[in-house]
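S.K.: mind folding the following:
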Amino acid sequence: MNRARLERAARRLRDLEGPAQSSPPPVEEPPDIIEFATGPRHLGRTLYPRQATILKVVFLAVGLFTVYDWRVIAEWMASFESSGNRGVTSDLVRRIEICRAQGRPWFREVVAVIGRRGGKGYLSAISLCYVLYVHDAEARRSTTGSLPTSGSA
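M.R.: Below you'll find the model as predicted:
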């Protein structure tokens, strides 16, 4: 075959194959829970400061804790110590450290005894959306290979 015939055959093959397959867009690392809940690219919801603290605790986001968060957690611990039924246990920070050391991205189970109209459903919905978002990102990452899969998402 001469060169012209080879080029025509190659063009026909390209035409039969259709447009070149573009690579899938890169998968972004999931944002932290507060950016996910409040940021305009995701849920864009408003949180009261203590609701944000609860989400930071549930998702083990110690790096996001502010002075305010530490004060609220200390208040919740003191309340539980004195009442035995209101607040959080005094070993909360140790539990967070254990979960993080085990590579968990969040507490496996949360018992949130929050009063009437306290935002239980709201926080649960935000939490569920975030968990699904992280799982979806991990699934896309494992199929595209864009980012290494990690258990700390």
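S.K.: which phi and psi does Ile114 have?
M.R.: Torsion angles at Ile114 (phi, psi; degrees, to the nearest 10) stand at phi -120, psi 140.
S.K.: thinking it is in contact with Ser124, fair?
M.R.: No - using CB atoms under 8 Å, Ile114 is not in contact with Ser124; the gap is 10.0 Å. For glycine as for every other residue, the C-beta is placed from the backbone atoms N, C-alpha and C.
S.K.: for the host helix or strand of Asp136, packing partners?
M.R.: In this structure, Asp136 is located in helix 120-144 according to DSSP states H and E. Packing partners of helix 120-144 (3 or more CB pairs under 8 Å, 6 or more residues apart in numbering; DSSP states H and E): helix 33-38, helix 49-58.
S.K.: the shortest one: which residues count as buried?
M.R.: Read that as helix 33-38. Along helix 33-38, these residues count as buried under the neighbour rule (16 or more other CB atoms under 10 Å): Ile33, Ile34, Phe36, Ala37, Thr38.
S.K.: and the second one, how far from Glu81?
M.R.: Ile34 sits 28 Å away from Glu81 when distances are taken as CB to CB, to the nearest Å.
S.K.: how about the first one?
M.R.: Between Ile33 and Glu81 the computed distance is 27 Å (CB to CB).
S.K.: got TSV for the helices and strands packed on helix 120-144, with mean pLDDT and distance to Trp76 too?
M.R.: Formatted as TSV, the entries for the helices and strands packed on helix 120-144 read as follows, by pLDDT from 0 to 100; distance: least, CB to CB, whole Å:
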stretch	mean pLDDT	distance to Trp76
helix 33-38	95	18
helix 49-58	95	9
